[in-house]
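J.: prediction below, plus the sequence it came from.
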There are 2 protein chains.
Amino acid sequence: MGIAEKIISGDVRAAAKLIRDIDDTVPEARVILKELYAFTGTAYVVGITGFSGVGKSTLVDQMVAHLRRAQKTVGILAVDPTSPFSGGAILGDRVRMQRHSMDEGVFIRSMATRGYFGGLTQSTRGVIDVFDAMGKDYILVETVGVGQDEIDIVQSAHTTIIVLIPGMGDDIQALKAGILEIGDIFVVNKADREGADRTVHDTRVMIEMDEKRYKDGWKPPILTAQAVYGKGIKELLDEVENHRRYLTSSKERESRHRYEKTRNALAEMIRNKIVHEVLDDITHSGEFEEALEFVMKGKMDPYTACDNIVLKKLGSGKK
Amino acid sequence: MGIAEKIISGDVRAAAKLIRDIDDTVPEARVILKELYAFTGTAYVVGITGFSGVGKSTLVDQMVAHLRRAQKTVGILAVDPTSPFSGGAILGDRVRMQRHSMDEGVFIRSMATRGYFGGLTQSTRGVIDVFDAMGKDYILVETVGVGQDEIDIVQSAHTTIIVLIPGMGDDIQALKAGILEIGDIFVVNKADREGADRTVHDTRVMIEMDEKRYKDGWKPPILTAQAVYGKGIKELLDEVENHRRYLTSSKERESRHRYEKTRNALAEMIRNKIVHEVLDDITHSGEFEEALEFVMKGKMDPYTACDNIVLKKLGSGKK
């Protein structure tokens, strides 16, 4: 049996190996992903994001418990791009969600390799495809932090959950400017803390200020939860189902959503391939070293050096 | 007088216009940056980063006050990449550091445009060059958050300051895995809060675990500060000077530092140019739309579609 077939039949070991290869950007992984692609498209992908310390892992853990009670299989991907150097996820598979580790219906992986310039987003899509091809009903993608990578990652989900906590102060402002636009559902976790009502209120005000959100007919609900006590989880999953129904209730909406996702994924894949192949060639070339020496010696500015190199690589059609 | 000449002679309006153009990635900005490049290299660049809410702006504000008292001119760049959508800096030039706004020796700008895939880092380098060409003695680059972009940005500084606050909990772990490696100086701000000693201690332990740091001879100091009361600022600036002396005390070290910075900058510039030029061409081509349709209809997997397009664009030399 080939590796792709093994994965489709649910072989955890083969899937784990492929995910490691994806994380390490082993070229062969791509060949298998090609084969798997035809078997994807059935899983429902939920992205969970928010600043560090808001309790995302606990929330995910509780969501998994609920989904398992409903006999759903789950793939969990924890993406941690804050560790570009050490290359290890902050919270590895080993320490997180211990209680699900013996459950065959749950498959947990974490990714730490950032790759560079969008590589992580592509790797994440690859892992989602692996979970999907394995036949998981739900895929929960948890990201650490709220940078551009995290936004790109959760945007490839069907439903995006933004997790907040009371009293985030400046951070609410950051949300306003940044990830507010991508949230389908907001959860104020640790809602027993002082200021929860205020955070709910502030979030609501910000969402309502953003009128264009309503054009499409989905008004993001703002829930409260206390994930450590399992409170608010059922309501959260109910809203996930509501959003799922919303997405699938209109053929046009569903198709547009799929078109946008596919378009983004393809454009990104092309970008990555170009950057890797061309840039690798360039930075390992004698021309690059020569240009660098010129710049170092003050004989040329880096802009001109860059133009010369790119022109040479891509041909005279470019300026 | 040309725009570059105006900027070199310290014309604030011309500089402000160019910086706006850089932020908007107006192509003409690049032409002026080329001209300015020969006039750069004298400013000392200090990067300041840390999670949102640690008081970076206040710290920067106090550092500026000290530097101004020492008759140094200062350029301040606040980089806020958390707002990819709305395109406005959280804390714009208007609201921040009011007290320096009438001081001609201080030039404050903020950038919010993320561009895509490293574009922000390049824009930031461009603005640093503008400040440098204007003749600023010090350039303080403050970033919001600690993602890859922020790391790239502060790494282009001579000295990088990481700002912490007591009781960061999980965030300290994130530092351990991520930006700990890039800090030349650590400051525990809001040091009157409970747990300051603990944070200093934890940070020290983490730094000391990372033995390879010492190979190069600089052991990052861990300071405390209460920026709102102006406490600890002088000590911080003393350490910046210590680090500057450390960098410049060895010709070999200084040259290596400059080589690495220039190499990174050039590679990144090339990457950006390639991505922008090639990818723009591709995603606006009929081939892309055709490939996308194939993928949407399930006639082709996106990996194969990507390969076909890139092969066509870059010629048959690539696989």
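T.: Cool, the structure landed. Numbers count the residues shown, from 1 in each chain, chains lettered A, B, ... in the order given.
J.: where do the helices of chain A begin and end?
T.: A:3-8, A:12-23, A:27-37, A:56-69, A:119-134, A:148-155, A:170-177, A:196-209, A:233-248, A:251-274, A:280-283, A:286-296, A:302-314 (DSSP state H).
J.: for chain A, give me the ranges with low pLDDT.
T.: A:80-102, A:112-118, A:144-148, A:168-179, A:210-216, A:315-319 (pLDDT under 70).
J.: quick one on the thing from earlier: export the helices of chain A as JSON lines, with columns for distance to B:Ser249 and mean neighbour count.
T.: For every residue, glycine as well, the C-beta is placed using N, CA and C. Supplementary listing: the helices of chain A in JSON lines, determined by distance: least, CB to CB, whole Å; neighbours: other CB atoms under 10 Å in any protein chain shown:
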{"stretch": "helix A:3-8", "distance to B:Ser249": "55", "mean neighbour count": "20"}
{"stretch": "helix A:12-23", "distance to B:Ser249": "41", "mean neighbour count": "19"}
{"stretch": "helix A:27-37", "distance to B:Ser249": "45", "mean neighbour count": "18"}
{"stretch": "helix A:56-69", "distance to B:Ser249": "45", "mean neighbour count": "20"}
{"stretch": "helix A:119-134", "distance to B:Ser249": "38", "mean neighbour count": "24"}
{"stretch": "helix A:148-155", "distance to B:Ser249": "38", "mean neighbour count": "24"}
{"stretch": "helix A:170-177", "distance to B:Ser249": "39", "mean neighbour count": "20"}
{"stretch": "helix A:196-209", "distance to B:Ser249": "50", "mean neighbour count": "16"}
{"stretch": "helix A:233-248", "distance to B:Ser249": "57", "mean neighbour count": "16"}
{"stretch": "helix A:251-274", "distance to B:Ser249": "42", "mean neighbour count": "17"}
{"stretch": "helix A:280-283", "distance to B:Ser249": "30", "mean neighbour count": "16"}
{"stretch": "helix A:286-296", "distance to B:Ser249": "20", "mean neighbour count": "16"}
{"stretch": "helix A:302-314", "distance to B:Ser249": "27", "mean neighbour count": "19"}
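J.: turn the ones you listed into JSON lines, columns for distance to B:Lys261.
T.: Converted to JSON lines, the helices of chain A look like this (distance: least, CB to CB, whole Å):
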{"stretch": "helix A:3-8", "distance to B:Lys261": "43"}
{"stretch": "helix A:12-23", "distance to B:Lys261": "29"}
{"stretch": "helix A:27-37", "distance to B:Lys261": "31"}
{"stretch": "helix A:56-69", "distance to B:Lys261": "36"}
{"stretch": "helix A:119-134", "distance to B:Lys261": "23"}
{"stretch": "helix A:148-155", "distance to B:Lys261": "23"}
{"stretch": "helix A:170-177", "distance to B:Lys261": "29"}
{"stretch": "helix A:196-209", "distance to B:Lys261": "39"}
{"stretch": "helix A:233-248", "distance to B:Lys261": "46"}
{"stretch": "helix A:251-274", "distance to B:Lys261": "25"}
{"stretch": "helix A:280-283", "distance to B:Lys261": "15"}
{"stretch": "helix A:286-296", "distance to B:Lys261": "10"}
{"stretch": "helix A:302-314", "distance to B:Lys261": "11"}
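J.: could those go into JSON lines alongside distance to chain B?
T.: What follows is the helices of chain A, written out as JSON lines (distance: least, CB to the nearest CB, whole Å):
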{"stretch": "helix A:3-8", "distance to chain B": "12"}
{"stretch": "helix A:12-23", "distance to chain B": "12"}
{"stretch": "helix A:27-37", "distance to chain B": "4"}
{"stretch": "helix A:56-69", "distance to chain B": "10"}
{"stretch": "helix A:119-134", "distance to chain B": "9"}
{"stretch": "helix A:148-155", "distance to chain B": "6"}
{"stretch": "helix A:170-177", "distance to chain B": "4"}
{"stretch": "helix A:196-209", "distance to chain B": "11"}
{"stretch": "helix A:233-248", "distance to chain B": "17"}
{"stretch": "helix A:251-274", "distance to chain B": "4"}
{"stretch": "helix A:280-283", "distance to chain B": "5"}
{"stretch": "helix A:286-296", "distance to chain B": "6"}
{"stretch": "helix A:302-314", "distance to chain B": "4"}
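J.: quick one, phi/psi of A:Gly230?
T.: The phi/psi pair for A:Gly230 (degrees, to the nearest 10) reads phi 70, psi 10.
J.: residues contacting it?
T.: Neighbouring residues of A:Gly230 by CB atoms under 8 Å, 6 or more residues apart in numbering or on different chains: A:Gln62, A:Ala65.
J.: A:Met63 versus that one, what's the distance?
T.: To A:Met63, A:Gly230 is 10 Å away according to CB to CB, to the nearest Å.
J.: OK, contacts around A:Asp21?
T.: Contacts of A:Asp21 were listed using CB under 8 Å, 6+ apart, and they are A:Glu28, A:Ala29.
J.: and A:Gly126, by the same measure?
T.: A:Ile22, A:Ala29, A:Leu33.
J.: is it true that the first one touches A:Ala29?
T.: Yes - with contact defined as CB atoms under 8 Å, A:Ile22 counts as touching A:Ala29 (4.8 Å).
J.: and the closest residue to A:Asp281 other than its chain neighbours, how far from B:Lys313?
T.: Nearest non-adjacent residue to A:Asp281, counting by CB to CB, 6 or more residues apart in numbering or on different chains: A:Lys313, 7.4 Å away. Going from A:Lys313 to B:Lys313 by CB to CB gives 12 Å.
J.: how about A:Leu36?
T.: With distances taken as CB to CB, A:Leu36 is found 26 Å from B:Lys313.
J.: same check on A:Phe131?
T.: Using CB to CB, one obtains 32 Å as the distance from A:Phe131 to B:Lys313.
J.: apart from its chain neighbours, what residue comes closest to A:Ser270?
T.: Rather than Ser, residue A:270 is Ile. Nearest one to A:Ile270, counting by CB to CB, 6+ apart, is B:Cys306 at 5.1 Å.
J.: contacting residues around the one you found?
T.: So B:Cys306 contacts A:Leu266, A:Met269, A:Ile270, A:Lys273, B:Ala291 (CB under 8 Å, 6+ apart).
J.: now A:Glu35
T.: A:Gly2, A:Ala4 are the contacts of A:Glu35 under CB under 8 Å, 6+ apart.
J.: tally of neighbours for A:Glu104?
T.: If you count neighbours by other CB atoms under 10 Å in any protein chain shown, A:Glu104 ends up with 8.
J.: oh, I was asking about A:Ala38
T.: So A:Ala38, with other CB under 10 Å, has 12 neighbours.
J.: what do you get for the one 3 residues further on?
T.: Close neighbours of A:Gly41, defined as other CB under 10 Å, add up to 11.
J.: excluding sequence neighbours, find me the nearest residue to it.
T.: Nearest residue to A:Gly41, sequence neighbours excluded (CB to CB, 6+ apart): A:Asp132, at 6.8 Å.
J.: state the distance from the one you found to B:Met296.
T.: With CB to CB as the criterion, A:Asp132 and B:Met296 are 17 Å apart.
J.: same question for A:Phe39.
T.: A:Phe39 is 17 Å from B:Met296, where distance means CB to CB.
J.: could you do A:Glu252 as well?
T.: A:Glu252 sits 14 Å away from B:Met296, taking CB to CB as the criterion.
J.: same question for A:Glu277.
T.: Look at A:Glu277 and B:Met296: by CB to CB, they are 25 Å apart.
J.: cool, A:Met296 as well?
T.: Look at A:Met296 and B:Met296: by CB to CB, they are 48 Å apart.
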